[in-house]
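1. Compute the structure for the input listed below.
(one chain, ligands or ions: 1)
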Amino acid sequence: MKQRITTAAIWLDSTKIFLAKRIGGGSVGGFWEFPGGKVRFMESPEAALKRELYEELGIVAEIGPCIYSGLFKNKDTQYRLLAFIVDSDSTPEKRGFHDAFEWIDVENIDEDMLVPSDRPILSAIREYLKNISK
Ligand SMILES: Nc1nc2c([nH]c(=O)n2[C@H]2C[C@H](O)[C@@H](COP(=O)(O)OP(=O)(O)OP(=O)(O)O)O2)c(=O)[nH]1
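-> Sure thing, here's the model as predicted:
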């Protein structure tokens, strides 16, 4: 099976987290996601996430710690998904990848609204928020 590394951004503004709804089509169209994307050859995961956030949302982001690592499969590829805390002062814009944005408290995120790969990230976010509030 082919293997790829992919990334997701946990963009926090105090207790709220940024979610983007993927445009319809494909196996995950219409679901909400933590934005990000695939790492290219010889690219670091952090650089890939920074690039994807600029391409998909037009934001310049600082990439912080990785708080989640997990696996998922799509067709003939196994993906290693890494989720990073990110920070940005930019305002996101729609660039053809998403049709809605939302800032939402982690307690109010219904996991069924998320692309399946992103669902296990929710407990990692709760754990992270618990630890930084100590
Ligand atoms: N099936 C699936 N794909 C996911 C999830 N999360 C996630 O980022 N993806 C990625 C993997 C694929 O690159 C893409 C969905 O695949 P697709 O059916 O729309 O298109 P595709 O296989 O042609 O993928 P691609 O060439 O565009 O990468 O989204 C998930 O939870 N399930």
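
2. Around residue 38, how many other residues sit close by?
-> Residue 38: 14 surrounding residues under other CB atoms under 10 Å. In this view, the C-beta of every residue, glycine as well, is placed from N, C-alpha and C.

3. Look at it and report its pLDDT.
-> pLDDT, residue 38: 98.

4. how close does it get to residue 4?
-> 5 Å (CB to CB, to the nearest Å).

5. tell me, what's touching these two both at once?
-> When CB atoms under 8 Å, 6 or more residues apart in numbering defines a contact, the residues bordering residue 38 and residue 4 alike are residue 79.

6. Would it be right to say that residue 131 lies in a helix?
-> Yes. According to DSSP: H, G, I helix; E, B strand; the rest coil, residue 131 belongs to a helix.

7. residue contacts, residue 57?
-> Contacts of residue 57 by CB under 8 Å, 6+ apart are 20, 35, 90, 92, 93, 95, 97, 98.

8. If we use 6 Å, what do you get?
-> residue 92 (CB atoms under 6 Å, 6 or more residues apart in numbering).

9. All the helices of this structure, residue numbers only.
-> 45-57, 121-132 (DSSP state H).
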